[in-house]
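Asker: model this:
(one chain, ligands or ions: 1)
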Amino acid sequence: MKIIDIIRSEKPSLSFEVFPPKNSQSMESVRQATEEIAELGPDYMSVTYGAGGGTAAFTAEIAEHIQTSYGIPALAHLTCVSSSREKIAGVLDGLKARGIENVLALRGDVPEGVDVEKLDFRHASDLVPVIRRHGDFCIGGACYPEKHPESATSGEDLRNLRIKVESGCDFLTTQMFFDNNILYNFLYRMREAGIDVPVVAGIMPVTNAVQIRRIMAISGSVLPPRFIRIVERYGDDPKAMLQAGTVYATEQIIDLYANGLRAVHVYSMNKPEVARRILHNLSAIIR
Ligand SMILES: Cc1cc2nc3c(=O)[nH]c(=O)nc-3n(C[C@H](O)[C@H](O)[C@H](O)COP(=O)(O)OP(=O)(O)OC[C@H]3O[C@@H](n4cnc5c(N)ncnc54)[C@H](O)[C@@H]3O)c2cc1C
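Answerer: Residues are numbered from 1 along each chain as shown. Okay, the predicted model is just below:
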């Protein structure tokens with residue numbers, strides 16, 4: 001099933017994410033987490049792509065397992081910056097052969113010291129048309145309510161986002177954000193800029209203090225004072241932080257649905273307990 005059909009429907013949707021193992025030894029624990037999350041019956045599940053593409057086969061394998069064993073549509077992430085055109089064609093052939101219909105087209109982070117002039121793919125907008133030509137895929141792209149860190153201004157980032165969408169994206173998934181007003185403002189500016197594909201809101205339940213420090217360093221997300229106080233108070237108490245983090249994420253999700261957003265993606269990071277708690281909190285809301 002195509003993800004665009006899920007997120008366009010009137011029913012609010014909720015999806016979860018898993019990431020593949022770094023090597024085959026840790027495949028079993030990832031498989032276990034994936035199965036526990038799949039058993040919760042999300043509308044779809046996404047499987048991330050390891051930086052550099054070395055674990056591409058794991059992404060495809062897990063995505064296929066989710067679809068064939070649980071009947072849940074899978075969204076396979078695919079990054080291009082470290083790959084040749086031949087490698088990307090091979091990965092797409094593999095996804096097609098495994099029955100994967102949905103791909104999140106990403107650039108990935110540019111490795112240090114790389115001469116960008118020599119790259120086959122410099123932006124996700126170079127990858128999208130390649131996927132489009134390769135098969136009947138539903139194609140998503142990433143967007144950044146607080147702008148991508150490499151863009152000088154949000155205006156510049158929006159102009160580039162428009163290029164990406166016009167290259168053939170069916171929908172967008174956002175980077176995490178912790179203040180819904182940032183998303184509402186971004187959606188307004190996006191529509192003003194003439195970008196009108198459906199947007200899936202990405203929510204990260206923060207369940208430990210180390211995680212939040214890493215997130216701040218990578219994404220430059222603004223943290224509302226209310227959220228900072230929760231992390232300061234409970235960050236060193238894993239059980240309390242799990243409870244507080246999933247409740248905070250749930251409140252964000254309820255506010256998004258109440259304000260008309262229909263699709264929410266939870267960065268569940270191979271943590272079935274996080275997915276379970278959020279679904280439980282929403283049981284009467286996403287029936
Ligand atoms: C929802 C989501 C899922 C992700 N999943 C993964 C994953 O599975 N694996 C992984 O390694 N990483 C993942 N990432 C991280 C992502 O790879 C990085 O954020 C990366 O730095 C940018 O990828 P992108 O596809 O957004 O790049 P792009 O869309 O190419 O944008 C990157 C930068 O280039 C600019 N730009 C874009 N197009 C153009 C253009 N045509 N001309 C000029 N400038 C342009 C943009 O404004 C931005 O500053 C994910 C991010 C998100 C938000």
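Asker: quick check, the host helix or strand of residue 75 touching the ligand?
Answerer: When secondary structure is defined using DSSP states H and E, the element that contains residue 75 is strand 74-79. Yes: using CB under 6 Å from any ligand atom as the criterion, contacts between strand 74-79 and the ligand involve 77, 79. (C-beta placed from N, C-alpha, C; glycine too.)
Asker: cool, and stretch 102-122?
Answerer: Yes: counting by CB under 6 Å from any ligand atom, contacts between stretch 102-122 and the ligand involve 104, 106, 107, 108, 109.
Asker: I'd like the residues you listed as TSV, with pLDDT appended.
Answerer: Conversion of the residues of stretch 102-122 next to the ligand to TSV gives the following (pLDDT from 0 to 100):
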residue	pLDDT
104	98
106	98
107	98
108	97
109	94
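Asker: And the nearest residue to residue 281 once chain neighbours are set aside, what's its pLDDT?
Answerer: On the basis of CB to CB, 6 or more residues apart in numbering, the spatially nearest residue to residue 281 that is not a chain neighbour turns out to be residue 250, at 4.1 Å. According to the per-residue confidence, residue 250 scores 98 in pLDDT.
Asker: quick one: what helix or strand has residue 250 in it?
Answerer: With elements taken from DSSP H and E, the one containing residue 250 is helix 238-258.
Asker: same deal with residue 57?
Answerer: helix 56-70.
Asker: buried set for that helix?
Answerer: By 16 or more other CB atoms under 10 Å, the buried positions in helix 56-70 come out as 56, 58, 59, 60, 61, 62, 63, 64, 65, 66, 67, 70.
Asker: From these, pick the one nearest the ligand.
Answerer: Using CB to the nearest ligand atom, the shortest approach to the ligand within those belongs to residue 59, at 7.9 Å.
Asker: Which residues outside the lowest-mean-pLDDT helix or strand in the chain are in contact with it?
Answerer: In the chain, no helix or strand scores lower on mean pLDDT, DSSP states H and E than helix 209-219, which sits at a mean of 78. Contacting residues not belonging to helix 209-219 are listed as 146, 149, 175, 176, 204, 206, 221, 223, 231, 235, 236, 241 [CB atoms under 8 Å, 6 or more residues apart in numbering].
Asker: hang on, the earlier thing: list only buried entries from the residues of stretch 102-122 next to the ligand.
Answerer: Burial by neighbour count, judged by 16+ other CB under 10 Å, picks out 104, 106, 107, 108 from the residues of stretch 102-122 next to the ligand.
Asker: show me where pLDDT drops low in the stretch 151-287 of the chain?
Answerer: Flagging of the stretch 151-287 of the chain using pLDDT under 70 yields an empty set of residue ranges.
Asker: Where does it get nearest to the ligand, which residue?
Answerer: Relative to the ligand, the nearest point of the stretch 151-287 of the chain is residue 160 (3.3 Å; CB to the nearest ligand atom).
Asker: So what's the residue count around that residue?
Answerer: Neighbourhood size, residue 160 [other CB atoms under 10 Å]: 17.
Asker: Nearest residue to it in space, ignoring adjacent ones along the chain?
Answerer: Distances taken as CB to CB, 6+ apart put residue 151 closest to residue 160, at 6.8 Å, once the chain neighbours are dropped.
Asker: What helix or strand is the one you found located in?
Answerer: Element membership of residue 151, judged by DSSP H and E, is empty: it is in no helix or strand.
Asker: Pull the number of nearby residues for it.
Answerer: 15.
Asker: give the contact list for it.
Answerer: Under the criterion of CB under 8 Å, 6+ apart, the neighbours of residue 151 are 144, 157, 160.
Asker: and what of residue 163?
Answerer: Contact analysis of residue 163 by CB under 8 Å, 6+ apart lists 123, 125.
Asker: Perfect, that will be all.
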